[in-house]
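Peer 1: here is a sequence with its predicted model. Questions after.
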Amino acid sequence: MSLVMLEKARKNSITVKIVTMGKGITNYVGDDTLTLGRLLEELGVNGQMDVRVNGATVEKAYRLADADQVLIVPKIRGGSF
């Protein structure tokens with residue numbers, strides 16, 4: 001890959017920090033059109049998780065930006081006494 005192509009690829013990509021409670025922290029590199037929904041699909045995350053981007057609840061159509069932080073937390077269900 002030429003240096004020009006490499007630089008162009010770098011300009012069209014973003015890095016998102018993914019924090020998954022109980023599993024750790026991962027840096028995910030994707031293209032600059034990456035949405036939250038597509039990221040969750042690629043990670044295999046289902047509806048049993050609460051997801052926040054930079055601390056806020058957003059729609060799956062939300063377009064992620066470079067240096068965003070995605071927090072994935074399992075939903076906690078209450079029990080009875």
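Peer 2: Alright, I've got the coordinates. Numbers count the residues shown, from 1 in each chain.
Peer 1: check which helix or strand covers the most centrally placed residue in the chain.
Peer 2: Nearest to the geometric centre of the chain sits residue 70, at 4.7 Å (C-alpha atoms, centre = their mean). Per DSSP states H and E, residue 70 falls inside strand 69-74.
Peer 1: and what of residue 65?
Peer 2: Assigned by DSSP H and E, residue 65 falls within no helix or strand.
Peer 1: name the nearest residue to it, sequence neighbours excluded.
Peer 2: residue 14 (6.3 Å; C-beta to C-beta, 6 or more residues apart in numbering). All C-beta spots, glycine's among them, are computed from the backbone N, C-alpha and C.
Peer 1: swap in residue 71?
Peer 2: residue 52 (4.5 Å).
Peer 1: could I get the CA-only coordinates of the one helix or strand that neighbour maps to as CSV?
Peer 2: If you go by DSSP H and E, residue 52 is part of strand 49-53. Extracted in CSV, the C-alpha atoms of strand 49-53 (Å, rounded to 0.1, in the frame of the first residue of the first chain):
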residue,chain,number,x,y,z
MET,A,49,-27.3,-4.4,27.3
ASP,A,50,-27.5,-0.7,28.2
VAL,A,51,-25.4,1.3,25.9
ARG,A,52,-24.1,4.9,26.3
VAL,A,53,-21.9,7.1,24.1
